[in-house]
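Q: here you go, sequence then predicted model.
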Amino acid sequence: DLPVGTLVFIRGAFASVILLGATAMSGNLKKLLLIFSPDVALRAGTDVISTLLFITALVHMPIGNLTAIVQAAPLVVTALAVIFLKERVGWRRTTAIIAGFAGVVLITKPTGDSFDGYSLLPLIVVGSVAVRDIITRRIPATVPVLIIALANSIMVTAGAFVLALFEGGLEMPSIAQALILGAAGVFL
């Protein structure tokens with residue numbers, strides 16, 4: 001019942017507070033400025049795109065179709081790893097990637113009544129998630145995982161706030177909605 005910007009913002013606010021506390025408890029607050037390092041920030045930016053588009057698609061299309069399409073992300077990661085990371089992929093994996101992409105085409109049905117602009121969103125999500133995973137390989141091991149997670153959470157929350165402004169502002173959730181979003185923030 002809530003607009004995408006509002007629900008992602010509230011969920012993200014809960015998650016960000018939890019991650020900030022975990023970062024403080026782990027002693028990594030002194031490394032907080034690593035959030036602004038180019039690869040960490042770029043990775044977080046791809047999460048903004050994938051999160052907002054995924055939730056928007058979830059509102060407008062069947063969850064089964066969305067989930068099936070997004071499952072193609074590992075296929076795209078593998079293909080991008082060959083191109084950008086010079087990974088070697090054998091003929092079996094290449095065949096599996098091609099078959100997986102054929103399955104995505106069958107699910108999205110790019111012609112017909114069921115295909116609309118929202119059907120493109122999960123494909124963009126897949127691309128964004130794949131780019132995120134390739135960027136992750138470039139982040140030095142010296143950057144704590146909590147810093148990366150906190151950067152993602154803060155940036156997605158900020159992106160959701162901007163989206164909420166375009167949607168007419170943040171909406172006040174009911175107590176039940178706030179509890180669900182709080183729980184989602186904990187699990188996130």
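A: That came in fine, so what should we check first? Numbers count the residues shown, from 1 in each chain.

Q: number of nearby residues for residue 9?
A: With neighbours defined by other CB atoms under 10 Å, the count for residue 9 comes to 24. For glycine as for every other residue, the C-beta is placed from the backbone atoms N, C-alpha and C.

Q: in what helix or strand does the residue nearest to residue 155 when sequence neighbours are not counted lie?
A: Take residue 155 and drop its neighbours on the chain: the residue closest to it by CB to CB, 6 or more residues apart in numbering is residue 44, 3.8 Å away. Counting by DSSP states H and E, the element that carries residue 44 is helix 38-60.

Q: got the phi/psi numbers for the residue sitting furthest away from the middle of the chain?
A: Note on the chain: the largest C-alpha distance from the chain mean falls to residue 91, namely 29.8 Å (CA atoms, centre = their mean). Residue 91 has phi and psi values of phi -70, psi -30 when expressed as degrees, to the nearest 10.

Q: what of residue 73?
A: When quoted as degrees, to the nearest 10, the phi and psi of residue 73 stand at phi -50, psi -50.

Q: quick check: it touching residue 126?
A: Yes. Assessed by CB atoms under 8 Å, residue 73 is found in contact with residue 126 at 4.9 Å.

Q: which of those two has more residues huddled nearby?
A: Neighbours were counted for residue 73 and for residue 126 using other CB under 10 Å; residue 126 has more, 22 against 19.

Q: give me the element that one is part of.
A: Element membership for residue 126 (DSSP H and E) is helix 117-138.

Q: chain center to the strand or helix carrying residue 97, what's the gap?
A: Under DSSP H and E, the secondary-structure element containing residue 97 is helix 91-108. On the basis of CA atoms, centre = their mean, to the nearest Å, helix 91-108 is displaced by 22 Å from the centre of the chain it belongs to.

Q: then stretch 167-174?
A: 22 Å.

Q: what lies in contact with that stretch?
A: Contacts to stretch 167-174, defined as CB atoms under 8 Å, 6 or more residues apart in numbering, come from residues 2-7, 9-10, 161, 164, 181.

Q: could you work out the end-to-end span of it for me?
A: Between the opening and closing residues of stretch 167-174 there is a gap of 18 Å (CA to CA, to the nearest Å).
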